[in-house]
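1. Here is a sequence together with a model predicted from it:
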Amino acid sequence: QVQLVESGGGLVQPGGSLRLSCAASGSFFSINAMGWYRQAPGKQRELVATITTNGRAYYPDSVKGRLAISRDNAKNTVFLQMNSLKPEDTAVYSCNARVVVNRGWNEVNYWGQGTQVTVSS
């Protein structure tokens, strides 16, 4: 079984910064792409950032330049550095990992439980 556990959320003032972490644990063969998504109240979940195993990152235009995703493959951990935060960044942030549980198997999507980020003065 694979578990993803996020940490680092909280309350921050507009213009502030936060760093989220998500660590994968359990029994698996490898992790492919990892990413962060967010869901604000009354809105659909949206992609925030993804990163490949070799570090190639993708961001939607809405967060480009303010958020940075990175990963530590040795620790099966993905990070999201969030700078210049705005009230509209308020949401539950969840990490996602595409995991190959056993060698030769297809990858499976796993999700963390989510961490609340609130940007408010």
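-> Received it, and whenever you're ready, just let me know what you need. Residues are numbered from 1 along each chain as shown.
2. who's sitting farthest from the centroid in this protein?
-> Gly104 (25.8 Å; CA atoms, centre = their mean).
3. and that one, which of the three is it?
-> Taken by DSSP: H, G, I helix; E, B strand; the rest coil, the conformation at Gly104 corresponds to coil.
4. do you know how far it is from Gln81?
-> From Gly104 over to Gln81 the distance is 35 Å, taken as CB to CB, to the nearest Å. C-beta coordinates here come from the backbone N, C-alpha and C atoms, glycine included.
5. Gly114 touches Arg45, doesn't it?
-> No: the criterion here is CB atoms under 8 Å, and Gly114 misses it with Arg45 at 9.9 Å.
6. who touches both of the two?
-> 39, 94 (CB atoms under 8 Å, 6 or more residues apart in numbering).
7. higher neighbour count, those two?
-> Gly114 (18 against 14; other CB atoms under 10 Å).
8. which residues touch that one?
-> 6, 39, 92-94.
9. what's the most distant pair in those?
-> Greatest spatial distance among the contacts of Gly114 (CB to CB): Glu6 and Gln39, at 13.2 Å.
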